[in-house]
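**Student:** Based on what follows, work out the 3D shape:
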Amino acid sequence: MKLLILMASNPYSADFNTMVKFSEAAIKRKDEISIFLMANGVYCLNHDKMKELAEKGVKIYYCAHNAHQRKINPVDFAESSSMYGLSKLISQVDKVINLS
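**Tutor:** Modelled structure (predicted):
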């Protein structure tokens, strides 16, 4: 199954832990998982757990505009995207989970 998690909460919220647990469960099931970080969710790029998920095969995208607004520097394990990119991702997955 192709799964997309939309994350708009900061990495110190309960939503962050939920995202990590969902991702780890999906990895065990051999699902294809993508995470899209937007709004305050782009702060998650600074958390070590995001790089660990990327190393396990999770595709991580973030809204470049939201990151620029919050002065978040680009990282090598995530792909810069946009709301248009998000709309394309949504059309390519089976399930979308929104954490905001």
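
**Student:** can you confirm Phe77 is in a helix?
**Tutor:** No. Counting by DSSP: H, G, I helix; E, B strand; the rest coil, Phe77 falls outside a helix, being coil.

**Student:** What sits closest to it if chain neighbours are left out?
**Tutor:** Closest residue to Phe77 apart from its sequence neighbours, by C-beta to C-beta, 6 or more residues apart in numbering: Ala54 at 3.8 Å. For every residue, glycine as well, the C-beta is placed using N, CA and C.

**Student:** Pretty sure the one you found sits against Ala78.
**Tutor:** Yes. If you go by C-beta atoms under 8 Å, Ala54 and Ala78 touch, sitting 6.8 Å apart.

**Student:** Identify the contacts common to those two.
**Tutor:** Counting by C-beta atoms under 8 Å, 6 or more residues apart in numbering, the common neighbours of Ala54 and Ala78 are Ile60.

**Student:** Which one's more surrounded, those two?
**Tutor:** A direct count of neighbours by other C-beta atoms under 10 Å for Ala54 and Ala78 places Ala78 higher, at 23 against 17.

**Student:** what's the lengthiest helix in the chain packed up against?
**Tutor:** In the chain, ranked by residue count with DSSP state H as the criterion, the top helix is helix 14-28. Applying 3 or more C-beta pairs under 8 Å, 6 or more residues apart in numbering; DSSP states H and E, we find helix 14-28 packed against strand 2-7, strand 32-37, helix 48-55, strand 95-99.
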